[in-house]
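# Pasting a predicted model and its sequence here:
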Number of protein chains: 2
Amino acid sequence: MDEGAAAERSRRRAKRVSMADVARLAGVSSQTVSRVSNGHPGVVAATRQQVLAAMRELGYRPNSAARALKRGEFRTIGVVLFTLSTTGNVRTLEAIASSAAHEGYATTLLPVAAPTHDEVRGAFTRLGELAVDAFIVIMEVHLLDAATVELPPGVQVAVADSNAGDRYSVVDTDQAGGSYAAVNHLLELGHRTVWHLAGPEESFAAQRRADTWRAALEDAGRPVPEMLRGDWSADSGYRAGLRLAEESGCTAVFAANDQMALGLLRALHEMGRAVPEEVSVVGFDDIAEAGSFMPPLTTVHQDFAEVGRMLVQGVLRQLRSESTEPGTTLVPTWLVERSSTAPPPGADRTDSAET
Amino acid sequence: MDEGAAAERSRRRAKRVSMADVARLAGVSSQTVSRVSNGHPGVVAATRQQVLAAMRELGYRPNSAARALKRGEFRTIGVVLFTLSTTGNVRTLEAIASSAAHEGYATTLLPVAAPTHDEVRGAFTRLGELAVDAFIVIMEVHLLDAATVELPPGVQVAVADSNAGDRYSVVDTDQAGGSYAAVNHLLELGHRTVWHLAGPEESFAAQRRADTWRAALEDAGRPVPEMLRGDWSADSGYRAGLRLAEESGCTAVFAANDQMALGLLRALHEMGRAVPEEVSVVGFDDIAEAGSFMPPLTTVHQDFAEVGRMLVQGVLRQLRSESTEPGTTLVPTWLVERSSTAPPPGADRTDSAET
DNA sequence: CAATGCGATGTTTACGTAAACATACCGCGT
DNA sequence: ACGCGGTATGTTTACGTAAACATCGCATTG
């Protein structure tokens, strides 16, 4: 076992083909191999072919460690995230990975087990040792705060889902715009006011959506009902829905995400409150399934793909210009009207919300 | 604050702090710094403290490229996948990333833009240059086949969602077991037969589920209805549902995933076919929202976390022992009974399916 | 026809780390 | 007192690549 492992290790070591090997076989210098490998000009076609043939024969593949060491860059972007259980994170990650790939960068995942300060700090410590030129954090900023001191200097950062625009380059969807559109849509349908099922307290996005909901109501001079709170899950939406169904005055609900809206719909259905005839529901996210809810959900669409793209562009720009540009970039959101909203029961006019 | 940041920035690019710098400040040799950095024994406490202090002062972080070059390994696992739009892939990736992190490995994403042969080949070519010790492929194998020749030698591979067990180490959920359980559950409720809404033809998983569905019916001596086909999306489930609602003989449907089941539920609802009173529906995946469908969906649970864990264990074992062990490992699946299934209309006895 | 210039290729070197080897020192036993 | 064993630390070297510099040869030109 022991000598087996040792032998295998040496075999693997021996197996590794280097430029020198290719150069020897092709009868050229290793520098020429390097030139061919990197597509540099100044290599005559015949030589190039010879080198390429030798590469193929030996199965040469460049050693990226050596390459990175020499060049001083890894061509890799690290992504720090806490969970892949929310649509937004997944969609954003997907866009990051493909944008990065498009730019010739690899994407390395740095999962943080739990969103505690210790965990985040630990992650950043590990991150300091990671083969990464820049990284993108998809996480609440109040956790980032504590970890800031640990951030390895010399690595560019961009942040999603955060309000740290004063210190980092932040890209986020237009939470306020979307929330405002959602609430106003309901008011315009004639609802007297709108209830809100918020996301967890720790979430910046949840807070921003709730704040905007409140502001929109106050702007319109409407009463602000008590806010309910969920944890993004459909179950928490269901529980909130059971309670809302008892509120006879409740004719419109703005849920902070689609999953909770799903639970809400089920609770309302089970309690015999028809959607949208008796109660209107608006969600947030526009997940792929939203159009197949019962009824199809009116919700706020977020362009996560664009967020990912902009995040990558952001860090790469920083990387190239060597400048950090704090600031927040907002990606537009818009309301997608489906069938879960309608004028409130007893409303004769569908277009006026004048009191 | 500003000049601090600026200073740091210029210091960074000008020269990254190396072991030599730390060694100079601490008044020791760089080798001693290396020993401290790697926690090697044989460094007296006083010296260690001195080195650590110097590291802190200079903000030293090891250069992983140099380290990888020297050690001959990257401590990184690459994951090749086509899409993050399916629950299974996302859950699996998440588990891979956290298992890998737990083992001290980073996870690098290699997205494949489209599941075409060319794309996959290109991905593997890029992958050959990637700083990766091993990789995991989450993709249909028939695409892998064409790319096999391109697979960089000396890199360990494990595969999910595939039937390439003869050549690679494959980990998959027990598709057959789950499908069998789903069909039998419906038969035992008293349904005469079960319809099937399959996933896309290209999908190995879809094929396996369909095959098992057919086999289970044949085993029980039941008629095999015409199979419907969707593309995993809720929309395709909806379209199939519209058609099924017209089939008066249809009392039980086994959908190949939960998203399609969702669309199915909506179509049946809109067509006035009550679930589960008139039609029973079973899904596959047990996505987080399945319990909040209307009605809550009976479905087959897949333990993607376990799949990810085993994939990582698999490649790491291969890496350490340098042996490739083809073979398929199945992770158990089980039926989660919720409220979307019931005996067929007109059935008096709920336990017997005898004709 | 020789000088010149430039394109093609080779040689040297440095990147930061860590293994392997080398040395210096200390305490101990005889 | 002397050497011996062992430990703490220093020195050398190699990992694979690519920039910088060096060289060679051929064609163009005065």
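Received the coordinates, thanks.

# low-confidence ranges in chain A?
Chain A contains residues with pLDDT under 70 at A:1-15, A:114-116, A:120-128, A:140-155, A:161-166, A:322-324, A:347-355.

# Report the separation between A:Val194 and B:Phe74.
52 Å (C-beta to C-beta, to the nearest Å). Just so you know, the C-beta spots here come from the backbone N, C-alpha and C atoms, and that holds for glycine as well.

# One more: A:Val33?
22 Å.

# nearest residue to A:Ser292 other than its sequence neighbours?
The shortest distance from A:Ser292 to any residue other than its chain neighbours is 3.6 Å, reached at B:Ala234 (C-beta to C-beta, 6 or more residues apart in numbering or on different chains).

# residue contacts, that neighbour?
A:288-289, A:291-292, B:259-260, B:262-263, B:266 (C-beta atoms under 8 Å, 6 or more residues apart in numbering or on different chains).

# By neighbours, which of those residues wins?
B:Met260 (33 neighbours; other C-beta atoms under 10 Å in any protein chain shown).

# Flag every residue of the stretch 1-150 of chain A that's near DNA strand D.
Residues of the stretch 1-150 of chain A lying close to DNA strand D by C-beta under 7 Å from any atom of the strand are A:16, A:18-20, A:30-31, A:34, A:37-38, A:40, A:62-63, A:66-67, A:69-71.

# what about the nearest residue to A:Val315 once chain neighbours are set aside, how many neighbours?
Nearest residue to A:Val315, sequence neighbours excluded (C-beta to C-beta, 6+ apart): A:Ala134, at 4.0 Å. Burial of A:Ala134, expressed as a neighbour count using other C-beta under 10 Å, amounts to 23.

# Quick check: bridge partners of A:Ala134?
A:Ile77, A:Gln156 (DSSP bridges).

# got the residues of the stretch 251-355 of chain A near chain B?
A:259, A:262-263, A:265-266, A:269, A:288-289, A:291-294, A:296, A:322, A:324 (C-beta under 8 Å from any C-beta of the partner chain).

# How about the stretch 51-200 of chain A?
That would be A:59, A:61-66, A:68-69, A:72, A:74, A:76, A:83-85, A:90-91, A:93-94, A:97-98, A:101, A:106-111, A:113, A:126, A:128-131, A:152-154, which are the residues of the stretch 51-200 of chain A within reach of chain B (C-beta under 8 Å from any C-beta).

# Going by neighbour count, which of those residues are buried?
A:61-65, A:68-69, A:74, A:76, A:83-84, A:90-91, A:93-94, A:97-98, A:101, A:106-111, A:126, A:128-131, A:152, A:154 (16 or more other C-beta atoms under 10 Å in any protein chain shown).

# Which of those residues fall in helices?
Judged by DSSP state H, these include A:64-65, A:68-69, A:90-91, A:93-94, A:97-98, A:101, A:126, A:128 as members of helices.

# at contact distance from DNA strand C, anything in stretch A:42-52?
Yes: using C-beta under 7 Å from any atom of the strand, stretch A:42-52 reaches DNA strand C at A:42-44, A:46-47.

# okay, now the domains of chain A?
Taking automatic domain parsing as the reference, chain A has its domains at A:2-62, A:74-173+A:304-330, A:175-303.

# Tell me which of those sits nearest to B:Leu52.
domain A:74-173+A:304-330 (13.7 Å; C-beta to C-beta).

# what's the span of that closest one from first residue to last?
Criterion C-alpha to C-alpha, to the nearest Å; first-to-last residue distance in domain A:74-173+A:304-330 is 29 Å.

# is it anywhere near DNA strand C?
No: on the criterion C-beta under 7 Å from any atom of the strand, domain A:74-173+A:304-330 is out of touch with DNA strand C, staying 9.3 Å away.

# mind listing the helices for chain A?
Under the criterion DSSP H, helices of chain A are mapped to A:2-15, A:19-26, A:30-37, A:45-58, A:64-71, A:87-102, A:117-128, A:141-147, A:175-188, A:204-219, A:234-246, A:258-270, A:304-321.

# Highest mean neighbour count out of those helices?
Comparing the helices of chain A by mean neighbour count (mean count of other C-beta atoms under 10 Å in any protein chain shown), helix A:258-270 comes out on top with a mean of 26.

# Please name every helix or strand in contact with it.
With contacts defined as 3 or more C-beta pairs under 8 Å, 6 or more residues apart in numbering or on different chains; DSSP states H and E, the packing partners of helix A:258-270 are strand A:195-198, helix A:234-246, strand A:252-255, strand A:280-285.

# could I get these as CSV with distance to B:Val312?
Formatted as CSV, the helices and strands packed on helix A:258-270 follow (distance: least, C-beta to C-beta, whole Å):
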stretch, distance to B:Val312
strand A:195-198, 37
helix A:234-246, 29
strand A:252-255, 36
strand A:280-285, 30
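
# so which of those gets nearest A:Tyr168?
Relative to A:Tyr168, the nearest member of the helices and strands packed on helix A:258-270 by C-beta to C-beta is strand A:280-285, separated by 23.7 Å.

# Show me the contact partners of that closest one.
Strand A:280-285 is contacted from outside by A:87-88, A:178-179, A:182, A:185-186, A:189, A:191, A:209, A:251-262, A:264-265, A:268, A:275, A:290, A:297-302, A:335, A:340-342, A:344, using C-beta under 8 Å, 6+ apart.

# surely A:Cys250 meets A:Arg243?
No: under the criterion of C-beta atoms under 8 Å, A:Cys250 is not in contact with A:Arg243, lying 9.5 Å apart.

# Mind listing residues that contact stretch A:39-47?
Contacts of stretch A:39-47 (C-beta under 8 Å, 6+ apart): A:26, A:28, A:32, A:34-36, A:51.

# now do stretch A:195-212
Against stretch A:195-212 from outside (C-beta under 8 Å, 6+ apart): A:88, A:115, A:140-142, A:161-163, A:172, A:175-176, A:178-180, A:183, A:213-214, A:225, A:227-232, A:237, A:240, A:244, A:247, A:250, A:252-257, A:260-261, A:264, A:284.

# Pull stretch A:264-278 out as CSV, backbone CA atoms only.
Extracted C-alpha coordinates of stretch A:264-278, given in CSV (Å, rounded to 0.1, in the frame of the first residue of the first chain):
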residue,chain,number,x,y,z
LEU,A,264,-49.5,32.0,0.6
LEU,A,265,-51.6,30.9,-2.4
ARG,A,266,-52.0,27.4,-0.9
ALA,A,267,-53.1,28.8,2.5
LEU,A,268,-55.5,31.2,0.9
HIS,A,269,-56.9,28.4,-1.2
GLU,A,270,-57.3,26.0,1.8
MET,A,271,-59.0,28.7,3.8
GLY,A,272,-61.4,29.3,0.9
ARG,A,273,-60.2,32.7,0.0
ALA,A,274,-60.2,33.0,-3.8
VAL,A,275,-57.2,34.4,-5.6
PRO,A,276,-57.5,36.9,-7.3
GLU,A,277,-61.2,37.4,-6.8
GLU,A,278,-61.0,38.0,-3.0
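
# From DNA strand C, how far off is A:Glu103?
For A:Glu103, the distance to DNA strand C (C-beta to the nearest atom of the strand, to the nearest Å) stands at 24 Å.

# what do you get for A:Gly249?
Applying C-beta to the nearest atom of the strand, the value for A:Gly249 to DNA strand C is 65 Å.

# follow-up on the earlier one: farthest-separated two in the residues of the stretch 251-355 of chain A next to chain B?
A:His269 and A:Glu322 (56.4 Å).

# and the residues of stretch A:42-52 next to DNA strand C, which two are the farthest apart?
Largest separation among the residues of stretch A:42-52 next to DNA strand C by C-beta to C-beta: A:Gly42 and A:Ala46, giving 13.5 Å.
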